[in-house]
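A.B. asks: my questions are about this predicted structure, shown below with the sequence.
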Amino acid sequence: MGFVTVVLGCCVWIPLCVWIWSIIGWMITGEMDVISGIAGIWIAIGLGWVCLQPPRSVPIASPLAFAAVVGTVIVYPFVRVGWAKRELKSVEIDALQRAYDALSLKPGNPASKIKIARQIYGLGMPGHALVIAENVIGQLPEQYFRDEHRMLKSWRQVVKQPDHFRPIACVECGTMNQPGNIHCAACGAPFLLDRAKGRFVGKTQGRKLMAVWFTLVAIVGVMPATAALPPYLAIVAIITLLCAGFGMVFYAFFGAGSQD
Ligand SMILES: [Zn+2]
């Protein structure tokens, strides 16, 4: 066993502890389902083992496994932050959907329109939000809609760039809609909702990404180690690994709750 392998084999357990500890925490809080969690922990242990005991015939396995572990532990927090933002957006998109539904029950309702404005502001369409709010604020008496009036005043201070007022294309028909429209001027589609959905689609993208990443790491990091096993065991190990990997990806993409 080379010196490098000994160092890598010992050092790798520091990020692995972070990895395993995080997964246990997420399983307890329910942020990660148990199947993905257990698979994640097994992959961590497998990588640690490869790093410590790389097969003699494939010495490159040790640094590869080490890089996979360090890469995962460094990159994963950023993925999670992006993922959490998406989930937050999906709450806002639900609220926008409800405001559109309310408006279709009572067409022209100014309270629904200002709700739409509030949501699309949060979803990155401030110019359109401002014009919609300006158009209806006169129908909303200040004594009952104090919050909305205050909101609009603060928007007027910050929404000034011409960029904010760019027309938005309708997903259905391609018509460019000027700020102030709530439904597409040509086809009547809820183009602001479509735009928001298109931009922040899929709150389970993070889980899918994670499943694919774990599987790749497992295959790249653990597969070389099977070279050290007797051939029949190696075949069993490779088949098990592939089944586990594809099972995990399949579960992430087609399992319960993956179709959001
Ligand atoms: Zn349209």
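C.D. replies: Great, that's in hand.

A.B. asks: residue numbers of this protein in contact with the ion?
C.D. replies: 170, 172, 173, 175, 184, 186, 187, 189 (Cβ under 5 Å from the ion). Where you see a C-beta, it was placed from the backbone N, CA and C, and this is true even at glycine.

A.B. asks: ok, of the residues you listed, which come out buried?
C.D. replies: 170, 175, 184, 189 (16 or more other Cβ atoms under 10 Å).

A.B. asks: can you give me the buried ones in stretch 240-254?
C.D. replies: Buried-residue list, stretch 240-254, by 16+ other Cβ under 10 Å: 241, 244, 245, 248, 249, 251, 252.

A.B. asks: show me those that map onto helices.
C.D. replies: 241, 244, 245, 248, 249, 251, 252 (DSSP state H).

A.B. asks: between the residues you listed, which is nearest the ion?
C.D. replies: residue 252 (34.0 Å; Cβ to the ion).

A.B. asks: count the neighbours of the residue nearest to that closest one when sequence neighbours are not counted for me.
C.D. replies: Among residues not flanking residue 252 along the chain, residue 211 sits closest, at 3.6 Å (Cβ to Cβ, 6 or more residues apart in numbering). When counting by other Cβ atoms under 10 Å, one arrives at 24 neighbours for residue 211.

A.B. asks: cool, residue 43 as well?
C.D. replies: 27.

A.B. asks: packing partners of the host helix or strand of it?
C.D. replies: Here residue 43, judged by DSSP states H and E, is contained in helix 34-52. The contact analysis (3 or more Cβ pairs under 8 Å, 6 or more residues apart in numbering; DSSP states H and E) places helix 34-52 against helix 3-11, helix 13-29, helix 61-105, helix 205-222, helix 231-254.

A.B. asks: report the buried residues of that helix.
C.D. replies: 36-37, 39-41, 43-44, 46-52.

A.B. asks: what's the closest of those to the ion?
C.D. replies: Taking Cβ to the ion as the measure, the ion sits nearest to residue 36 out of the buried residues of helix 34-52, at 39.7 Å.

A.B. asks: wait, that closest one touches residue 248, no?
C.D. replies: Yes - counting by Cβ atoms under 8 Å, residue 36 does reach residue 248; the two are 6.8 Å apart.

A.B. asks: who touches both of these two?
C.D. replies: 211, 214 (Cβ atoms under 8 Å, 6 or more residues apart in numbering).

A.B. asks: distance check, the closest residue to residue 213 other than its chain neighbours against the ion.
C.D. replies: Spatial nearest neighbour of residue 213, excluding adjacent residues (Cβ to Cβ, 6+ apart): residue 72 at 7.1 Å. Counting by Cβ to the ion, to the nearest Å, the separation of residue 72 from the ion is 43 Å.

A.B. asks: dump the residue contacts of residue 72.
C.D. replies: So residue 72 contacts 15, 19, 213, 217 (Cβ under 8 Å, 6+ apart).

A.B. asks: and these, which two are furthest apart?
C.D. replies: Farthest pair in the contacts of residue 72 (Cβ to Cβ) is 15 and 213. Separation: 14.9 Å.
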